[in-house]
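> Got a predicted structure here, sequence first:
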Amino acid sequence: MRYSTIGQVVWLPLVLALTFSACRAPTAPGSAAPSGAAAPAEGAAPAAPAAQSAPEAIVIGAALPLTGQESRAGGYFKTAYEMAADEVNADGGILVAEYNKKIPVRLVIQDDQTDQNLSRNLYERLATVDKVNFFLGGYSTGLGVAHAPVADQYKIPYVTGGEAAVEIFNRGQKYIFGALSSVENLATSTMEWIKYWQDQGQLAKPAKIALLWENTSHGKDYQRGVQNFVKANPNAFSIVVDEAFQYPGATDHRPLLQKVKAANADLFLVDAHLEDYILMQRQYTELGLHHQVVTYGARGPEKAARDQLGNAADYVAAANWWSSELPYPASKSFVQRFEAKYQSTPEWYHALAYTAATTLFKAIEQAGSLDRDKVRDALAKTDISNALIPGGKVYFKPDGQIDNPFVITQNQPGGGAPIVWPLDAKTGDATLPMP
Amino acid sequence: MAEFLNTTVNAILVAGLYATMSYGLALIWGVMKIINLSHAGVLMLGAYSTWWLSNTLGVDALVTLPITAIAFFLLGMVIERVLVRRLADAPPITTLLLLFGLWLVMQNFAYSVFTGDTRAVLTPYTQSNLRFGLLTIPVTWLVTFAIGLVILLLLQQFLTRTMAGNAIRALAQDRDACRLVGIDAECLNMVAFGLGTMLAAVAGGLLALLFSFSPEFGGPFQLKSFAIIVLGGLESLIGVAVASLIVALAEQWSVAVIPAALQNVVAFVILVVALVVLPNGIMAAVRQIEWRPFRSPR
């Protein structure tokens, strides 16, 4: 074997792998075509209405990951957007005062294949080719960071229920609004829950924290939330491990878990996506680790994880944007309607997507116009009570993001995951410290 | 001390897994001189095969490995006969592109059949471990290491003790000489590709016992396999085993001094260093060492 041959052998595949890395999220055969799952009818609504003639429909566009890595969540968002549109259309549409009539909603949903570049291109296409009136958001922080700037570029109001990273909202954009509370808030809610039980004498005080987070803006927000809380409560907490792990593509968390084991922490706090939650919790159990509290950020009660982890998922706590067990009337009503329509229980993705869509509909009605600037102003003044999400309100801070609390659930043996925080919404008792 | 001990034992167990997933790539290169870029796809489909068979048949995942092995041996032979052989005389980039395309086809197939949901194989021993003083060894890793060792021994026996194995080794050394003595090179190509595919699928089945997976699964493992076979020498199974141990030790120990988020980078640093310092692989370098104390005086 000569060097030149080996060089060819190594570099050719590496160059190919890099060149085609953008192809890592292919479209499944038979899935929705990129050109749109529901193309607008001829003569779809123009950007600005004529004085007297009302458009046939209010066209609302979104690009969702219907195939590729995030296809499951993307499918949930599509279902919830369609449910919201079906409900408002069943009532004749959205009442637009300047036309003095109800105008139905028409969705244009396209498949971004979980690809950042394609996602941005599709939002541009929605603005320039499909000429939508308004945007609904996509799903996942990574995609949102790429496509959210299109909203301000074309001055089209954009409401999302699937992108939470601060990085999306701290760029000074005026046309994006997020119904998903920040990941920093997620960490704060978790720490408040822990602090409450610490003060009740159930958990160690001061407590040592092992903090692991995926190396994304999502993970960094979580890290910042925990760090800020610890700084504000120096007598109650200290961080003994604070480290990032690779996302996506981590293949073995055991060396990191050995570090955690050696640090002898009391609390194990992680921010992870589903696949890393499953892998890390499996390896955590295999290595015989134990802490008083184990949480993976928003991950925990997912059926896929419970199926694949078995009893290793018991007592894992999760801070979430919504739970089907939330005892608010609006939430209960949503669950009933969803179950009647789709014969399955909604997850938080459905609830937040539905909330984003109905918030946009309400803002259009409040504006009484399809003028994008008027709708943007109405969104900025949003103040909805009796919402189905934790806190019961929808409103936006000056940066466009909601500031609601989270619900915390804790997996119970046998499959349940009752809400254990906040106390006024709890549906079960927390088991702390973890047995 | 406990951390170092556990990390070192982990590395040895990881090395068994790395070696298992790299044998197939090394075998196909050794015989056919092509880089199998569909290796990651086969790893992924091997994982799905194990998951699907164990769920469908209701048996332990390990019991299904022989079925996966036979199925993918046949699939590999079909791929060689129908696709790869047609490009035997084409430039190397053509075969690379063909096999890269095949990887994408496999991913799409998995998306359409299994959806993009994350899956994992759960067995009664999945989360159990053995404790020896300070040492904690997960049972699944011990099992996959043992199977990897058995595969290495069986493969070594096949290649050194059987007619077909000797013919494959001869083909790897000198294709023209083999043809001159009447060896059916095309048939052996098919067998070698089948074996390589089978080994990758079995490795995928073992990976399924340890990791969760989706249609995107396999890419990082394929790139690590490249690093391992280059470091080990592209045609040496023992070299692959030694290189697997080196890569695994470097990865596991590195987390003590570098951020865990950079763990996957370690294998690629080793790849670059190996290309510069040991261009013919570690086994070739070992063979070149002059053992002066045992040389007879001239």
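Alright, I've got the coordinates.
> Close to chain A: what parts of the stretch 151-298 of chain B are there?
When proximity is defined as CB under 8 Å from any CB of the partner chain, the stretch 151-298 of chain B approaches chain A at B:211-212, B:214, B:216, B:219-221, B:223-224, B:226, B:230, B:233-235, B:251-252, B:254-256, B:259-264, B:271, B:275, B:279-281, B:284. For every residue, glycine as well, the C-beta is placed using N, CA and C.
> Give me the ChimeraX select line for those, limited to the buried ones.
Burial among those is assessed by 16 or more other CB atoms under 10 Å in any protein chain shown; the matching ChimeraX selection reads:
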select /B:211,212,214,216,219,220,221,223,224,226,230,233,234,235,251,252,254,255,260,261,263,264,271,275,279,280,281,284
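> Could you tell me which of the residues of the stretch 151-298 of chain B next to chain A are located in helices?
When these are checked against helices (DSSP state H), the matches are B:219-221, B:223-224, B:226, B:230, B:251-252, B:254, B:271, B:275, B:284.
> What about residue B:150, how many residues nearby?
12 (other CB atoms under 10 Å in any protein chain shown).
> cool, residue B:58 as well?
Residue B:58, neighbours per other CB under 10 Å, totals 7.
> same thing with residue A:307?
For residue A:307, the number of neighbouring residues by other CB under 10 Å comes to 14.
> name the element it belongs to?
Per DSSP states H and E, residue A:307 falls inside helix A:303-309.
> so what's residue A:160 closest to, chain neighbours aside?
Here the nearest residue to residue A:160 in space, its sequence neighbours aside, is residue A:137; by CB to CB, 6 or more residues apart in numbering or on different chains that works out to 2.3 Å.
> Just read off the phi/psi values of the one you found.
Note on residue A:137: its backbone torsions stand at phi -80, psi 160 [degrees, to the nearest 10].
> Look up how far residue A:328 lies from residue A:424.
From residue A:424 across to residue A:328, the span is 10 Å (CB to CB, to the nearest Å).
> Compare these two and say which one has the larger neighbour count.
residue A:328 (17 against 6).
> these two touch, right, residue A:290 and residue A:315?
No. Assessed by CB atoms under 8 Å, residue A:290 is found out of contact with residue A:315, at 10.6 Å.
> Please produce CSV containing the ones in helices among the residues of the stretch 151-298 of chain B next to chain A, extended by pLDDT and distance to residue A:152.
CSV is the format used below for these (pLDDT from 0 to 100; distance: CB to CB, whole Å):
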residue, pLDDT, distance to residue A:152
B:219, 89, 35
B:220, 87, 36
B:221, 91, 41
B:223, 90, 38
B:224, 91, 42
B:226, 91, 43
B:230, 90, 48
B:251, 90, 43
B:252, 88, 46
B:254, 89, 43
B:271, 88, 43
B:275, 87, 47
B:284, 77, 59
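> Farthest pair within those residues?
The span of those, defined through CB to CB, is set by B:219 and B:284 at 28.4 Å.
> ok, for the residue in the stretch 151-298 of chain B that chain A sits nearest to, nearest residue in space, not its chain neighbours?
Across the stretch 151-298 of chain B, the shortest distance to chain A (CB to the nearest CB) belongs to residue B:255, at 3.7 Å. Closest residue to residue B:255 apart from its sequence neighbours, by CB to CB, 6+ apart: residue A:255 at 3.7 Å.
> what helix or strand is that neighbour on?
helix A:254-263.
> other SSEs contacting that helix?
For helix A:254-263, the elements it packs on are strand A:207-214, strand A:237-245, helix A:274-286, helix B:2-32, helix B:237-254, judged by 3 or more CB pairs under 8 Å, 6 or more residues apart in numbering or on different chains; DSSP states H and E.
> by contact count, what packs against the shortest one?
Of the remaining helices and strands, those touching strand A:207-214 by 3+ CB pairs under 8 Å, 6+ apart are helix A:217-232, strand A:237-245, helix A:254-263, strand A:267-271.
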